[in-house]
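> build me a model from this:
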Amino acid sequence: MAIYYYTGSWRNTKDLDLFVTPQDRDAALGALRNAGYRTEVVVDSWLSKAFVGEVMVDIISGSGNYLAPVTHKWLQRGEPVTILDLPTRIISATDMIWSKSYIAGHERFDGADICHLIYRAPDKIDWQLLLREFGTYEWELLAVYVHLYRYVYPEARDHIPGWVVEELAQRSQQDVALPQRADLPFRGPLLDRYSYLVDVNEWGLPDPRLTVADARNIPDSEVLRERHLDQETFDAMHPAG
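From the prediction side, this is the model:
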């Protein structure tokens, strides 16, 4: 629905995503139960679901890679809209770009959504905020999508301010001259929960989600459980022989 609002491109979806802060999750689930929905907490740190008939609602209170919880600032930055005669907010284009940039997986890649947002809603994007959100070490990921957009829409490159491209180029040059030590030595699973399982399970690289989860006081057992389930799903998608 948010993509439709910003770009005018409609696509049917299997569910409705509702963003809530972690503190409000249980109240939201309670409201849905009172409305007749069956609810469940899928992953304690970020994902719950509610069902009634064939309708499914995802209650999202964080990111699947454990990087960040939903905050009141997210909600405040949301775009005021009216849906079914109810005043509400949809996620800001800026926050949607940040969240979708980490969905670059084996089975789903949201790069096209990011390109469409920049192409169709350039005036809705706060580039200063994006640079801050990606921070000291994640700016390279933002640069990936900036260059992807410029490749896809070469005649509309000015939808990304020139100073943003220059800032990212300068950071790249500085990093070549004086490489900064990354906060995480390996970051693949932050983007793709399946394709980098081999790095962790067979090649001995550390799962960055454990470090990220520890910083948010999320138990390691949750990350390990998700990794085990991901491996089962991946194996089912790629049966031996």
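> from here on, contacts and neighbour counts on C-alpha atoms
Noted.
> where along the protein do the strands fall?
Using DSSP state E, the strands of the chain run over 16-19, 38-43, 47-52, 55-60, 79-83, 86-90.
> now the ones you listed in a markdown table, with mean pLDDT?
Converted to a markdown table, those look like this (pLDDT from 0 to 100):
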| stretch | mean pLDDT |
| --- | --- |
| strand 16-19 | 94 |
| strand 38-43 | 97 |
| strand 47-52 | 97 |
| strand 55-60 | 96 |
| strand 79-83 | 93 |
| strand 86-90 | 94 |
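> these: which one's closest to Trp163?
Trp163 lies closest, by CA to CA, to one member of the strands of the chain: strand 79-83, at 25.5 Å.
> picking up where we left off before, okay if I get the strands of the chain as CSV plus mean neighbour count and distance to Leu130?
Output for these, formatted as CSV (neighbours: other CA atoms under 10 Å; distance: least, CA to CA, whole Å):
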stretch, mean neighbour count, distance to Leu130
strand 16-19, 17, 19
strand 38-43, 16, 27
strand 47-52, 19, 24
strand 55-60, 19, 21
strand 79-83, 12, 17
strand 86-90, 14, 18
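> any chance of the ones you listed in TSV, plus distance to Ala169?
Formatted as TSV, the strands of the chain follow (distance: least, CA to CA, whole Å):
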stretch	distance to Ala169
strand 16-19	34
strand 38-43	38
strand 47-52	36
strand 55-60	34
strand 79-83	31
strand 86-90	32
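> indicate which one of the ones you listed is closest to Ser9.
strand 86-90 (15.5 Å).
> packing partners for the closest one?
strand 79-83 (3 or more CA pairs under 8 Å, 6 or more residues apart in numbering; DSSP states H and E).
> quick one: the strand it packs on to chain centroid distance?
21 Å (CA atoms, centre = their mean, to the nearest Å).
> repeat that for stretch 112-120.
On CA atoms, centre = their mean, the centre of stretch 112-120 falls 15 Å from that of its chain.
> quick one: average confidence on it?
Stretch 112-120 comes out with an average pLDDT of 98.
> now stretch 138-150
96.
> stretch 211-227 too?
For stretch 211-227, the per-residue pLDDT averages 95.
> not counting that stretch itself, show me its contacts.
Outside stretch 211-227, the residues that touch it by CA atoms under 8 Å, 6 or more residues apart in numbering are 43, 45, 66-67, 193, 197, 209-210.
> buried residues in it?
Buried residues in stretch 211-227, counted by 16 or more other CA atoms under 10 Å: 211-213, 218, 223, 227.
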